[in-house]
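>>> Pasting the sequence and the predicted model now:
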There are 2 protein chains.
Amino acid sequence: MFSNNKITTLFGIKYPIIQGGMIWCSGWKLASAVSNAGGLGLIGGGSMPPDLFREHIQKCKAATNKPFGVNIPLLYPYSEEQVKIVIEEKVPIVFTSAGNPKKYTSILKEHGIKVVHVTANLKFALKSQEAGVDAIVAEGFEAGGHNGREETTTMVLIPKIAKEINIPLIAAGGIATGSGMLAAMVLGADGVQMGSRFVASVEASAHDGFKQKVVEAQEGDTKLQLKQLVSVRLLDNEFSDRITKMQLSGASTEELSEALGRGRAKLGMFDGDLNEGELEIGQVATLIDEVKPVGEIVEEIVDEFISRQSVFSL
Amino acid sequence: MFSNNKITTLFGIKYPIIQGGMIWCSGWKLASAVSNAGGLGLIGGGSMPPDLFREHIQKCKAATNKPFGVNIPLLYPYSEEQVKIVIEEKVPIVFTSAGNPKKYTSILKEHGIKVVHVTANLKFALKSQEAGVDAIVAEGFEAGGHNGREETTTMVLIPKIAKEINIPLIAAGGIATGSGMLAAMVLGADGVQMGSRFVASVEASAHDGFKQKVVEAQEGDTKLQLKQLVSVRLLDNEFSDRITKMQLSGASTEELSEALGRGRAKLGMFDGDLNEGELEIGQVATLIDEVKPVGEIVEEIVDEFISRQSVFSL
């Protein structure tokens, strides 16, 4: 049913469903499970030093014969070495984010690698297209983790960008179900990227305590924080509440930076300190009620997509 | 084509498109034009003292023989008198907002009036249903004007509420086109409410300078402001930038309240002071490029809805 879809064609996959590459949550187990289920799994390189990154790539290759990719956030120190590794390891697909799309697109493409850049606004979508990427992920305000300053939501961002670019467009932010996927495609996306939904999977490397917090999350339980540093959507906890108070009382970027310190993402999402860690997750956590195996998640999304589509068929 | 739709059936209208009742922008001219075009027009009562409110209702009755309604924001001083007037004038439909849905629902329903309450979260949606309203408007973070504190976007809010209530649901926030309308309905809404799209119409009572600013607005040009008082999404201007700076430097609610003062919504939207007025508009302004007559707007929305639906038909 997705045989004419631009995203399935570009990547050689069955469903236009991409699992977002997430720090501390998406290692080879999650990525290979999503690829085996017919989507595109991404290893989240942001939290991996070079040796570990290479190990995850090699394990992923062993665990699936389907296409998979990696996400390389360009704001982390290892990005240059990671680019070398994906070339050496012949990883077929690379998603870059949090940086300039011109930086590595040419070299990756010269090695036959498909390149996708993640953006949260039209300006960077156009810049990415100019840089020669094969597709764009446009991520709305509701998305988890690092996010744009414009606060444009998926409902507005997708049609805005779809109108202006002529390469495939992947929607992200607020999508965890087949209805959400269909809605995003109605808005002009060719496929979707889901992060939060796959954090709450058996195969995610996130701490079980964090997965449990995700399925328990209610409306209003996440906030876009630290806008003066790098905007990031976090689940409320003691750390996040402290940051909210600091922001309301006019804390400087230096004070916020000091309060953030280092290593809080690992502390929360991987080590399971649910009070003091940074818990990156999307607003859509409120629609996710259960930790499930990836195979079931993908099947449910596709089934709901089809049944919702049938309701609206002319 | 919408003959089995819950919203068209409830209100006796042709298309499940509601024009949001907006202060200073939606008088009898706009409301009657939308109703004549097959949608549901609403007179925005929030900016009208009782005599003027009655005058608008009487002029609207004279200008259309189709159903129309009024919006009564419960935070304004005239709401009690306005409720009396709608009963006396036999207005068939009332949307209440910004207050407790239990306050007037019973008395309005006793007089055969259909009642809809506007909410931005599940808690108030359930409270509205309990209060006996006929339908709910759920308004996402991207919507213009007064808004919820949870910052839940339309992509997340609509499926969240649709799952939990059993009365008709109208989506608002980020919708200005037929694609947006279809996407909202795929997410679980029975119809849509659009505000910003109708501000940029010939028939809106907004100042021409404000209408022009709306069609020129780009991504990121609106912000949810004054969260410590009553959250409101405003178009950036000198006033709004000043508020942003005050908030970042830890201003108290008293200081913000003093900086806001009184009458800024009229000053900006009606009198056309684009620097110092409050310009309430949604993020979706960035998708609106032209001021048009209401008839053309509604026709375009319906045409795009149908053509987008045909793309996704099985």
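Thanks, I have it.
>>> Okay, strands next: where are they in chain A?
Taking DSSP state E, the strands of chain A run over residues A:17-19, A:41-44, A:68-73, A:93-97, A:114-119, A:135-139, A:145-146, A:169-172, A:191-194, A:222-225, A:232-235.
>>> How about residues contacting the fourth one?
For strand A:93-97, the external contacting residues (CB atoms under 8 Å, 6 or more residues apart in numbering or on different chains) are A:11, A:21, A:40, A:42, A:67-74, A:83, A:86, A:103-105, A:108, A:113-118, A:137, A:146. Quick note: C-beta positions are derived from backbone N, CA and C, even for glycine.
>>> most packed of the strands of chain A?
Highest mean neighbour count among the strands of chain A (mean count of other CB atoms under 10 Å in any protein chain shown): strand A:17-19, with a mean of 31.
>>> Roughly how far does A:Val232 sit from A:Arg149?
From A:Val232 across to A:Arg149, the span is 11 Å (CB to CB, to the nearest Å).
>>> What of A:Glu238?
For A:Glu238, the distance to A:Arg149 - CB to CB - is 26 Å.
>>> got the residues of the stretch 1-150 of chain A near chain B?
A:Asn121, A:Leu122, A:Lys123, A:Gly140, A:Phe141, A:Glu142, A:Arg149, A:Glu150 (CB under 8 Å from any CB of the partner chain).
>>> which one of those sits closest to A:Lys160?
Nearest to A:Lys160 out of the residues of the stretch 1-150 of chain A next to chain B is A:Leu122 (CB to CB; 5.7 Å).
>>> just checking, that closest one touches A:Glu164?
Yes - with contacts counted by CB atoms under 8 Å, A:Leu122 reaches A:Glu164, the gap being 6.0 Å.
>>> Who has more neighbours out of those two?
A:Leu122 (21 against 12; other CB atoms under 10 Å in any protein chain shown).
>>> Next up, the contacts around that one.
A:Lys160, A:Ile161, A:Glu164, B:Glu219.
>>> Now that we have the residues you listed, which of them are buried?
By neighbour count, with 16 or more other CB atoms under 10 Å in any protein chain shown, these hold A:Lys160, A:Ile161, B:Glu219 as buried.
>>> Show me which of those residues is closest to B:Met246.
For those, the minimum distance to B:Met246 (CB to CB) is 24.0 Å, reached by B:Glu219.
>>> Now do the contacts for that closest one.
A:Asn121, A:Leu122, A:Lys123, A:Glu150, A:Thr152, A:Val156, A:Leu157, A:Lys160, B:Thr286.
>>> now with 6 Å?
Contact partners of B:Glu219, counting by CB atoms under 6 Å, 6 or more residues apart in numbering or on different chains, are A:Asn121, A:Leu122, A:Glu150, A:Thr152, B:Thr286.
>>> Got phi/psi on it?
phi -50, psi 130 (degrees, to the nearest 10).
>>> Could you do A:Gly173 as well?
Taking degrees, to the nearest 10 as the convention, A:Gly173 sits at phi 110, psi 110.
>>> again, but for A:Glu150
Torsion angles, degrees, to the nearest 10, at A:Glu150: phi -70, psi -20.
>>> gap between it and B:Lys127?
33 Å.
>>> returning to what we had before: quick check: the two most widely separated of the contacts of A:Leu122?
A:Glu164 and B:Glu219 (10.6 Å).
>>> thinking again about what came up before, give me the subset of the contacts of B:Glu219 that lies in helices.
A:Leu122 (DSSP state H).
>>> now, among the contacts of B:Glu219, which is nearest to A:Ala176?
Closest to A:Ala176, out of all of the contacts of B:Glu219 and judged by CB to CB, is A:Thr152, at 19.4 Å.
>>> and the closest one, how many neighbours does it have?
31.
>>> Could you find the closest non-adjacent residue to it?
Sequence neighbours aside, B:Glu219 is the residue nearest to A:Thr152 in space, at 5.4 Å (criterion: CB to CB, 6 or more residues apart in numbering or on different chains).
>>> now swap in A:Asn147 and tell me
A:Ser231 (4.8 Å).
>>> one step back: need the residues of the stretch 1-150 of chain A next to chain B in CSV with pLDDT and distance to B:Cys25, can you?
Below are those laid out as CSV (pLDDT from 0 to 100; distance: CB to CB, whole Å):
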residue, pLDDT, distance to B:Cys25
A:Asn121, 97, 28
A:Leu122, 97, 27
A:Lys123, 96, 30
A:Gly140, 98, 27
A:Phe141, 98, 25
A:Glu142, 98, 27
A:Arg149, 88, 28
A:Glu150, 93, 24
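>>> Can you tell me which of the residues you listed is nearest chain B?
Checking the residues of the stretch 1-150 of chain A next to chain B against chain B by CB to the nearest CB gives A:Glu150 as the nearest, at 3.2 Å.
>>> Next one: the closest one from A:Leu260, what distance?
Distance from A:Glu150 to A:Leu260, by CB to CB: 22 Å.
>>> Tell me how many other residues surround the closest residue to chain B within chain A.
Nearest residue of chain A to chain B (CB to the nearest CB) works out as A:Gly250 at 2.5 Å. Counted by other CB under 10 Å, the residues lying close to A:Gly250 total 13.
>>> residue contacts, it?
Per CB under 6 Å, 6+ apart, neighbours of A:Gly250: B:Ser249, B:Gly250.
>>> more crowded one of A:Glu150 and A:Leu260?
A:Glu150 (22 against 18).
>>> what's the burial count for A:Glu130?
11.
>>> For the stretch 201-314 of chain A, which residues are neighbours of chain B?
Contact residues (CB under 6 Å from any CB of the partner chain) of the stretch 201-314 of chain A with chain B: A:219-220, A:249-250, A:283-284, A:286-287, A:308-310, A:312-314.
>>> Now that we have the residues you listed, which of them are buried?
Among these, those classed as buried by neighbour count (16+ other CB under 10 Å) are A:Glu219, A:Gly220, A:Gln283, A:Val284, A:Thr286, A:Leu287, A:Arg308, A:Gln309, A:Phe312.
>>> Tell me which residues touch the residue lying closest to the third one once chain neighbours are set aside, please.
I take that to be A:Gln283. Computed as CB to CB, 6+ apart, the closest residue to A:Gln283 that is not its neighbour in sequence is A:Glu142, at 4.1 Å. Residues near A:Glu142 by CB under 6 Å, 6+ apart: A:Gly173, A:Gly174, A:Gly282, A:Gln283, B:Thr153, B:Val156.
>>> rerun that using 8 Å as the cut-off
A:153-154, A:173-174, A:233, A:282-284, B:141, B:152-153, B:155-156.
>>> Present those as JSON lines; the columns should include distance to A:Lys61.
Below are the contacts of A:Glu142 laid out as JSON lines (distance: CB to CB, whole Å):
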{"residue": "A:Thr153", "distance to A:Lys61": "37"}
{"residue": "A:Thr154", "distance to A:Lys61": "33"}
{"residue": "A:Gly173", "distance to A:Lys61": "30"}
{"residue": "A:Gly174", "distance to A:Lys61": "32"}
{"residue": "A:Arg233", "distance to A:Lys61": "32"}
{"residue": "A:Gly282", "distance to A:Lys61": "29"}
{"residue": "A:Gln283", "distance to A:Lys61": "34"}
{"residue": "A:Val284", "distance to A:Lys61": "30"}
{"residue": "B:Phe141", "distance to A:Lys61": "41"}
{"residue": "B:Thr152", "distance to A:Lys61": "40"}
{"residue": "B:Thr153", "distance to A:Lys61": "37"}
{"residue": "B:Met155", "distance to A:Lys61": "35"}
{"residue": "B:Val156", "distance to A:Lys61": "36"}
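>>> What is the nearest of those residues to B:Leu267?
B:Phe141 (25.3 Å).
>>> quick revisit: weakest of the strands of chain A by average pLDDT?
Sorting the strands of chain A by mean pLDDT places strand A:145-146 lowest, at a mean of 92.
>>> and A:Asp241, how many neighbours does it have?
Neighbours of A:Asp241 (other CB under 10 Å): 12.
>>> what does A:Lys14 give?
Residues lying near A:Lys14 (other CB under 10 Å) number 19.
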